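*Asks:* have a look at this fold, sequence not included:
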């Protein structure tokens, strides 16, 4: 939470500064360069993190942020110009308190629900506090003269449509990253470092496509770019829903590259359309709301993907146990093959029991693969659903 308090304002402040410094016809390119810079982290982070976890200690992942933070702080002091606010804005204390008591219990419930049990009193209490605080937050913010969050911005239809696309896209992105990391390490038995290297090309392609989309956003219909990107993302996720334990790393890497390219193609034009419909004095608030959508989407995406996979794996495992003819091979043939494998390996003690346990584990692994595929199919459908939101986006740019 302390880290999030510091990192949360960085993106909206950066967006606001870019929109103040660059003229309207260069903002798309500015967005592309900015997002390409962000891609450096996802490009090298998984590989470095995998190496640190595998060869040193997981705590090094957090320690290495200290020198980077010091360097960034020095760069801010030396490079960024000083600016003064002409108007004093009071802090909406009640809005802040109700927002915190809405988001924190909600996120805790989503994160801990799988372990504590969704019907436990602890989780139900968290949801009750979140719902009541959320209602209070909406009521308070709608009556404040200087609200913490200007909910009235959502009355602007293109802004709301772009926000929904951001929310669904972020949920799908983080859910996919979560699933592919599990699949590579659990199903394909890659080490954390190897899995990080598998994600490296996609992150580099994401940075390149951000630059490309930033340049195109200043010259091409932004709604067209967004529609093409969403269709590519939906298609990539649909192909992900057909992977299995025999899929080659090259095939999975190619799908991840396509998804990353489309995701980068989406960012700059969507941010451009999100901001262009707002009055100049509301750009900073709009960027903050975009950051909120991103934060909620990342948390919801991972939590819902984990819950969905867990439920679907249980469903598939139960189906296999009730009708063993649905398993990849017949149950009798699987047990026979397992016994022969164990016998040849010298595992003669308790051979029937070990064979049954081996078959059971194989069925659970296959059920997990089917659960991953179901989740990817759901993500694909959600991406295509967000495509309908492009009908409400503004097609013409307003130069301010």
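*Replies:* Everything's here; your move. Just so you know, these numbers come straight off a predicted model, no measurement behind them.
*Asks:* what domains does the record give for this structure?
*Replies:* What automatic domain parsing lists as the domains of the chain is 2-90+154-314+369-392, 92-147.
*Asks:* which one of those domains lies nearest to residue 362?
*Replies:* domain 2-90+154-314+369-392 (9.8 Å; Cβ to Cβ). Any C-beta I mention is one placed from the backbone N, CA and C, and that applies to glycine too.
*Asks:* name the SS class of residue 189, please.
*Replies:* Of the three states, residue 189 takes coil according to DSSP: H, G, I helix; E, B strand; the rest coil.
*Asks:* nearest residue to residue 225 other than its sequence neighbours?
*Replies:* Nearest in space to residue 225, with sequence neighbours left out and distances taken as Cβ to Cβ, 6 or more residues apart in numbering, is residue 269 at 4.3 Å.
*Asks:* could I get the buried residue list for the one helix or strand that neighbour maps to?
*Replies:* Taking DSSP states H and E as the criterion, residue 269 maps to helix 249-276. Applying a neighbour-count criterion of 16 or more other Cβ atoms under 10 Å, one finds 252-253, 255-276 buried in helix 249-276.
*Asks:* distance check, the residue nearest to residue 225 against residue 235.
*Replies:* 19 Å (Cβ to Cβ, to the nearest Å).
*Asks:* same deal with residue 249?
*Replies:* Taken as Cβ to Cβ, the span from residue 249 to residue 235 is 20 Å.
*Asks:* which stretches of the stretch 201-350 of the chain have low pLDDT?
*Replies:* 320-350 (pLDDT under 70).
*Asks:* and the helices in it?
*Replies:* 222-240, 249-276, 283-322, 331-344 (DSSP state H, counting those that start in this stretch).
*Asks:* wait, which of those is closest to residue 192?
*Replies:* helix 249-276 (15.1 Å).
*Asks:* the domains of the chain into CSV, with extra columns for distance to residue 363?
*Replies:* Formatted as CSV, the domains of the chain follow (distance: least, Cβ to Cβ, whole Å):
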stretch, distance to residue 363
domain 2-90+154-314+369-392, 11
domain 92-147, 22
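*Asks:* return the most buried member of the ones you listed.
*Replies:* A comparison of those by mean neighbour count, using mean count of other Cβ atoms under 10 Å, puts domain 2-90+154-314+369-392 on top with a mean of 18.
*Asks:* so how far is that domain off the chain centroid?
*Replies:* Distance, stretch centre to chain centre, for domain 2-90+154-314+369-392: 6 Å (Cα atoms, centre = their mean, to the nearest Å).
*Asks:* among the helices of the stretch 201-350 of the chain, which comes closest to residue 119?
*Replies:* Short answer: helix 283-322, nearest of the helices of the stretch 201-350 of the chain by Cβ to Cβ, at 13.4 Å.
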